[in-house]
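Asker: quick one, fold the following:
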Amino acid sequence: MADTSDTRTPAEIEADIKRRRDTLAETLDEIGVRVHPKTIVGDARAKVVSNIDHTLGKAYVSVNRVVSEAKGRLVDEDGAPRLERIVPVALVVVGVVGLLALGTRRRRG
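Answerer: You can find the predicted model right below:
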């Protein structure tokens, strides 16, 4: 059988009720803030920005790796250019640019 005796005074009971009512009001206020449309939009926006930052960070690391590898192939350990590798790359770039220029000219004419 449950003990139903309460040794608190009426003032203590009223203080307990007031404290619980205040706690409940705070909880309801927090819930109201969490479900407010502006809060939901702000949270979604922050998540999107975080995902974009993460993706851009990964892209930066990948590009940096590719550039470092390319630099390693075109420059020797002393930092001097490796002409035997740079000249063919430059010729390919000039060729591609030339082909693009010819293609643009033919479309216009």
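Asker: from here on, just use CA atoms for contacts and neighbour counts.
Answerer: Will do.
Asker: now the strands for this protein?
Answerer: Under the criterion DSSP state E, the chain contains no strands.
Asker: middle-most residue in it, spatially?
Answerer: With distances taken as CA atoms, centre = their mean, S50 lies nearest the centre of the chain, 2.5 Å away.
Asker: how close does that residue sit to V33?
Answerer: S50 is 22 Å from V33, where distance means CA to CA, to the nearest Å.
Asker: kindly report the same for N51.
Answerer: Distance of N51 to V33, given as CA to CA: 24 Å.
Asker: again, but for G79
Answerer: In terms of CA to CA, G79 sits 59 Å off from V33.
Asker: who has more neighbours, the two?
Answerer: V33 (13 against 10; other CA atoms under 10 Å).
Asker: OK, contacts around that one?
Answerer: Contacts here follow CA atoms under 8 Å, 6 or more residues apart in numbering; on that basis V33 touches T39.
Asker: shouldn't P81 be in contact with L74?
Answerer: Yes - P81 is within contact range of L74, at 6.0 Å (criterion: CA atoms under 8 Å).
Asker: which of the two has more residues huddled nearby?
Answerer: Between P81 and L74, L74 has the larger neighbour count (other CA under 10 Å), namely 18 against 15.
Asker: residues in contact with that one?
Answerer: Here L74 is in contact with 81-83, 85-86 (CA under 8 Å, 6+ apart).
Asker: buried ones in the longest helix along the chain?
Answerer: Longest among the helix segments of the chain by residue count, using DSSP state H, is helix 37-74. Neighbour-count burial for helix 37-74, with 16 or more other CA atoms under 10 Å as criterion, is recorded at L74.
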